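# What follows is a protein structure lacking sequence information:
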C-alpha cells in the first residue's frame, strides 16, 4: 500500500511513499529496502570526507548560488522495476528499459500523486527513469525534461554483472565494495562524484522553482546519496544508512536558502 502526504514544509510530519509490495532489488541500481525511519532535519557537513578520501564539496561549492528564503519541495522518485533489477544486476549507466511490473508500479504511483501540485517533472535521461517519469507526467498533465545530472552512478566495467559475477571477475574490488560499500570498480564514477553532481542538479532545479513543488525521477544510488547528504554524512555512506530503495519509492526533500533537508 502506498501512503501519500502532500506537504513539504520543514518541520511538518511527512510520510515516505513507497511500494511495500514492489520487488525492487538490484545492487546494480543501489536498491535494498528503504529504511523509512531515517531522520530528516540535518544539514550537510561540508567538511566531511568520503571513505576513498575524495573531499566533499564545501557549502560554497555545492550550495545554490542564489539564496532564497522560499522553500522548494522536491519529490524524488526511484524508477520502476527492470529485468536487471529482478536479476540483481549492476545497471549504472546501462540503458535498461522498464519491464511490465515497472510500468505497473509507475501507473499505480501516478494515481497516488494525482492530487499533488507539481509544476514540473524532471528525470534522468536513462530510459528506465524517463519512461517512469513519462507515465507519471501523462497522468499529472506535465511534460518531462531530462537532466544528465540525475543519472545513476557509473559502475564502469561492472555494468550488467550480478554480484557473483563481479566477485569472480574483480575479487579485490568486490571485497572492497562488500566491506565498506564504497565503489569497488576502478573505472566509472565514485559515490562522491555521483553525490556531488546529483545534489548540484537538485539545487539548480530549486533555484528555478522557488516556493514550488517539483517531481524528480532518478535512481536508487542517487537517492541514497541525497539522504546521506541531508544527514551530514559522506556520499559513499549511503549504502550503509539506507538498506534498500524500493522501485517507485518516494523521498521528499525541502530546499531552503540553498540547503537540502529531508522532510519525510
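It's in. Remember, it's a predicted structure, so these values are computed and weren't measured experimentally.

# going forward, measure contacts between C-alpha atoms and count neighbours the same way
OK.

# chain center to stretch 249-262, what's the gap?
Relative to its chain's centre, stretch 249-262 lies at 12 Å (CA atoms, centre = their mean, to the nearest Å).

# In the strand or helix carrying residue 121, which residues are buried?
Assigned by DSSP states H and E, residue 121 belongs to strand 118-123. For strand 118-123, a neighbour-count test (16 or more other CA atoms under 10 Å) marks 118, 120, 121, 122, 123 as buried.

# Stretch 74-92 too?
Buried residues in stretch 74-92, counted by 16+ other CA under 10 Å: 74-85, 88-92.

# Tell me where the model's unsure across the stretch 151-264 of the chain.
For the stretch 151-264 of the chain, the stretches with pLDDT under 70 are 243.

# Now do the strands in it.
Taking DSSP state E, counting those that start in this stretch, the strands of the stretch 151-264 of the chain run over residues 213-218, 250-256, 259-262.

# Among those strands, which comes closest to residue 205?
Among those, the nearest to residue 205 by CA to CA is strand 213-218 (8.6 Å).

# What lies in contact with the closest one?
Strand 213-218 has contacts (CA atoms under 8 Å, 6 or more residues apart in numbering) with 72-79, 117-124, 129-130, 132-133, 150-152.

# how does it look with 6 Å?
Contact partners of strand 213-218, identified using CA atoms under 6 Å, 6 or more residues apart in numbering, comprise 72-78, 118-124, 129, 133, 150.

# closest one to residue 224 among the strands of the stretch 151-264 of the chain?
It's strand 250-256; of the strands of the stretch 151-264 of the chain, that one is closest to residue 224 (CA to CA) at 9.8 Å.

# wait, what's in contact with the residue nearest to residue 248 when sequence neighbours are not counted?
Nearest non-adjacent residue to residue 248, counting by CA to CA, 6 or more residues apart in numbering: residue 78, 4.7 Å away. By CA under 6 Å, 6+ apart, the contact set of residue 78 is 217, 218, 219, 220, 247, 248, 249.

# now the buried residues of strand 118-123 as TSV including distance to residue 229?
As requested, those are exported to TSV (distance: CA to CA, whole Å):
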residue	distance to residue 229
118	24
120	24
121	22
122	20
123	20
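
# for the protein, which helix is longest?
In the chain, assigned by DSSP state H, the helix with the most residues is helix 191-208.

# and the residue most central in space within the chain, how far is that from residue 244?
Nearest residue to the geometric centre of the chain (CA atoms, centre = their mean): residue 223, 2.1 Å. For residue 223, the distance to residue 244 equals 10 Å [CA to CA, to the nearest Å].
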